[in-house]
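Colleague: Give me coordinates for this.
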Amino acid sequence: PESCFDMSRENAVLLPVLRSAKARNPALTLVASPWTAPEWMKENGKANGGRLSPSRHNAYARYLMQYLSTMEEMGFPIS
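Modeller: Predicted structure coming up:
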């Protein structure tokens, strides 16, 4: 379900590091590359292995757009 969008890991781990880096270099730019689709979107239901379910292609695109939008709202636009 798309309501499973979760930024808790980013809030706890990634964003504090990015804030520190941006304080040192305000011109910091970010590039993002997804490791894998969320487990609930994959055929095997697991983080490792498997493939994105064909029925989830549109949901995954929306999920990635939500991530980019949320990161930008938090002050970290991704190029």
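Colleague: Okay, now the unreliable bits of the chain?
Modeller: Within the chain, the segments meeting pLDDT under 70 span 1-3.
Colleague: Do a quick rundown of the helices in it.
Modeller: Taking DSSP state H as the test, the helices found in the chain are 8-9, 15-24, 57-73.
Colleague: and the longest one, what does it pack onto?
Modeller: The one in question is helix 57-73. Counting contacts by 3 or more CB pairs under 8 Å, 6 or more residues apart in numbering; DSSP states H and E, helix 57-73 packs against no other helix or strand. No exception for glycine: its C-beta is placed from N, CA and C like everyone else's.
Colleague: Next, the buried residues of that helix.
Modeller: Residues 59-60, 63, 67, 71 are the ones in helix 57-73 that count as buried (16 or more other CB atoms under 10 Å).
Colleague: Next, format the helices of the chain as JSON lines and append distance to Leu30.
Modeller: Shown next, in JSON lines, are these (distance: least, CB to CB, whole Å):
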{"stretch": "helix 8-9", "distance to Leu30": "16"}
{"stretch": "helix 15-24", "distance to Leu30": "7"}
{"stretch": "helix 57-73", "distance to Leu30": "8"}
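Colleague: so which of those gets nearest Val31?
Modeller: helix 57-73 (11.3 Å; CB to CB).
Colleague: Please work out which residues outside the closest one touch it.
Modeller: With CB atoms under 8 Å, 6 or more residues apart in numbering as the test, helix 57-73 has contacts from 2, 5, 7, 10, 30, 32, 34, 37-38, 41, 52, 77-78.
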